[in-house]
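Visitor: sharing a model that was predicted from the sequence below.
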Amino acid sequence: MDVYTNPPSNTYSLGTLFTLPTKAGGVPAISIKSSNFPILIAAYSILIQIIFASLWQFLANLVLLFHALRDADAGRARYVALVAFWNSSNPWTAITAMGAFLCQATINGGNGRVSRPEKFHGIILFLLSVTIAFGGIAASIFIPNAMSLGPAAPVHPKSVFLPELEDIASSSSIRIDRLNAPAILRALGSTEAFKDVTARKNVDTVKTTLPGSNATHPRQRYDYRYTITAREFGLQAPLEFSHKVQGSCITEYNWLRPVPDIADPARFNGYVPFDLDPVEPILLDPTDNMTALWTQPSMGIEYHPSDEDLTITNRSFALIPQLAHAGSITASTDPWYLTEPFNSETEGFLGYRVKSGRPAMSCWEESLLCLHKTCTSVDGIKKTPLPKGLRIIVMGKFSIPVLTKIILSAGPAALKSVAGIGWTGLLDCASSTLKDDLDRLVLAAYLNSREVFRETALLGPQAGMSNILESANGDLFPGSADFVMLTGDVTAISYSSLIAIPVTCLAVTFLAAMLPLG
């Protein structure tokens, strides 16, 4: 189960033909209000009853034409069965009549008045009546309900909006981050909804303990992968598009080292990710001889300089824990949450704090954008036949690993141990592990990526900001609105069923009327 509220009604269109992506491919559909769906079911149930009533009349006429007249020397018992069958106004009456005939034939059959062929014909008519009677009930129950394809509707083009980032250092950058924050929080909220969240089966995660691991320096590798298909994106076209992600993180203790030229090198060590800049540490880590608590636990991000090249598909980044000396109400032996006893007169209720020297995570992630069997980088997607609007949305979203976007936007809430306790500067270390945190973040990245197109509609036009998906004349680029919104307020109806049932009703009724017997 995902935690997503129904989008506003102005973000989707009703009563228009669209292509609904399904596992079997694109299906033509029309969306209506969910409140109107029971009325539609009732109407189509009546049509199906009419179809079977007309079918009954048509088959009854055929029986008399071909079954009764084909053998002039048929026995009287067969004509008795045919008269009883014809005089039945509906299949239910015919079931009773033919049942009575078969009972009499069974009782009196031994004296030769009812032959075996005559009994066989009676059985055929009985089974035909049963099939039409119960088939009509089953069809009127299941077929109308099967017309529902799910809670989806095509996006309203006027609601699609993607702000243009003019300058990363400008106020627009801050505003865009604020606008994107709700999408991040929705994704994180969904990961917490249930332990076995529905989307979890779509994300593969594996933790491996590495050689050389010990109690003070646990060494672990964490691998993850997921694929988002066009159906999960909600794309109407192209249905062959997909986004494939795989990555790996490994605990790295060697990046933490004494660093000169800081205020007090005896009290702090520094993380130097990728060993690229040994002079200026990225983040500091207090040594164990400090007694003060760290009150701002969080997770830092550092990108490898090569990530600026959009032509590459494999990007490296570091996760830096800012957890040392954070107070905890519980103990833990996890690499990131390894605790030590802590006694304090002012915070005596805590009992523990996180030890210094928590390992950084050295990570890489491969992000592939695929059309059919051809996969490429974010930059390479410009050379594909994908519609321009779709390319713009994808390039803006997947230029850097989405997992890191989740961390940067969520702040302290990126840590499960913090999220469960609130923003107090304290941790519940036993409530999470390094794997739990990464599982949660990867799943949130999957959910957030899956909603990348729908989020453009939820964002909506913003005053004072230009829409990068619009051309100079104000029209959306092709592909910008080729996706569906998901909402429980609407129901997508199979267009083929919507047309086929009334047409079938007219056709069968016409056939029955054209074959009357007087």
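Guide: Structure received.

Visitor: Pro273 contacts Ala318, doesn't it?
Guide: Yes. Between Pro273 and Ala318 there is a contact under Cβ atoms under 8 Å: 3.8 Å. Glycine gets a C-beta too; all of them are placed from N, C-alpha and C.

Visitor: which residues are common contacts for those two?
Guide: 255, 282, 302, 304, 360, 362 (Cβ atoms under 8 Å, 6 or more residues apart in numbering).

Visitor: so which of those sit within strands?
Guide: 302, 360, 362 (DSSP state E).

Visitor: who wins for neighbours among these?
Guide: Highest neighbour count within those, by other Cβ atoms under 10 Å: Ala360, with 27 neighbours.

Visitor: what bridges to that residue?
Guide: Glu252 (DSSP bridges).

Visitor: quick one: pLDDT of it?
Guide: Looking at Ala360, its pLDDT is 92.

Visitor: give the contact list for it.
Guide: 251-252, 255-256, 271, 273, 318-321.

Visitor: please repeat the previous calculation with a cut-off of 10 Å.
Guide: Shown in contact with Ala360 (Cβ atoms under 10 Å, 6 or more residues apart in numbering): 249-256, 271-274, 282-283, 285, 300, 302, 318-321, 336.

Visitor: which residues of the stretch 151-300 of the chain score low on pLDDT?
Guide: 165-174, 193-199, 259-267, 277-285, 287-291 (pLDDT under 70).

Visitor: run through the strands of the stretch 351-500 of the chain in chain order.
Guide: 352-354, 360-371, 374-376, 484-486, 490-494 (DSSP state E, counting those that start in this stretch).

Visitor: most packed of those?
Guide: strand 352-354 (a mean of 25; mean count of other Cβ atoms under 10 Å).

Visitor: partners of it in the sheet?
Guide: Short version: by DSSP bridges, strand 352-354 pairs with strand 327-328 (antiparallel), strand 339-341 (antiparallel).

Visitor: and the helices in the stretch 251-400 of the chain?
Guide: 388-397 (DSSP state H, counting those that start in this stretch).

Visitor: again but with the stretch 101-250 of the chain, I slipped
Guide: Using DSSP H, counting those that start in this stretch, helices in the stretch 101-250 of the chain cover 116-146, 171-193, 230-233.

Visitor: deepest-packed of these, please.
Guide: By mean count of other Cβ under 10 Å, those have helix 230-233 as the most buried, with a mean of 20.

Visitor: name the helices or strands packed onto that helix?
Guide: Under the contact definition 3 or more Cβ pairs under 10 Å, 6 or more residues apart in numbering; DSSP states H and E, helix 230-233 sits against strand 17-22, strand 25-33, strand 241-252, helix 388-397, helix 434-450, helix 452-459.

Visitor: what do you get if the cut-off is 8 Å, keeping everything else the same?
Guide: Packing partners of helix 230-233 (3 or more Cβ pairs under 8 Å, 6 or more residues apart in numbering; DSSP states H and E): strand 17-22, strand 241-252.

Visitor: in the shortest one, what's buried?
Guide: For strand 17-22, the neighbour count (16 or more other Cβ atoms under 10 Å) marks 18-21 as buried.

Visitor: show me what it is packed up against.
Guide: By 3+ Cβ pairs under 8 Å, 6+ apart, strand 17-22 packs against strand 25-33, strand 148-150, strand 152-154, helix 230-233, strand 484-486.

Visitor: one more time with 6 Å, if that's ok
Guide: strand 25-33 (3 or more Cβ pairs under 6 Å, 6 or more residues apart in numbering; DSSP states H and E).

Visitor: now swap in the longest one and tell me
Guide: Contact here means 3+ Cβ pairs under 6 Å, 6+ apart; on that basis strand 241-252 packs against strand 220-229, strand 360-371.

Visitor: in CSV: the ones you listed, plus distance to Ser31.
Guide: CSV is the format used below for the helices and strands packed on strand 241-252 (distance: least, Cβ to Cβ, whole Å):
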stretch, distance to Ser31
strand 220-229, 21
strand 360-371, 27
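
Visitor: mind checking which of these is nearest Thr330?
Guide: strand 220-229 (20.5 Å; Cβ to Cβ).

Visitor: the closest one to helix 434-450, inter-axis angle?
Guide: Interaxial angle of strand 220-229 relative to helix 434-450 (axes from the mean of the first three to the mean of the last three Cα atoms, to 10 degrees): 20 degrees.

Visitor: buried residues in strand 220-229?
Guide: Buried residues in strand 220-229 (16+ other Cβ under 10 Å): 220, 222, 224-229.

Visitor: again with stretch 509-518
Guide: Neighbour-count burial for stretch 509-518 [16+ other Cβ under 10 Å]: 509, 512.

Visitor: mind saving the C-alpha coords of it as CSV?
Guide: C-alpha atoms of stretch 509-518 as CSV (Å, rounded to 0.1, in the frame of the first residue of the first chain):
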residue,chain,number,x,y,z
THR,A,509,-31.9,-9.0,-30.5
PHE,A,510,-32.1,-8.4,-34.2
LEU,A,511,-31.2,-12.0,-35.0
ALA,A,512,-33.9,-13.2,-32.6
ALA,A,513,-36.4,-10.9,-34.2
MET,A,514,-35.5,-12.0,-37.7
LEU,A,515,-36.2,-15.7,-36.9
PRO,A,516,-39.7,-15.8,-35.5
LEU,A,517,-41.8,-18.9,-35.6
GLY,A,518,-45.6,-18.5,-35.5
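
Visitor: between the two ends of stretch 143-162, how far is it?
Guide: 41 Å (Cα to Cα, to the nearest Å).
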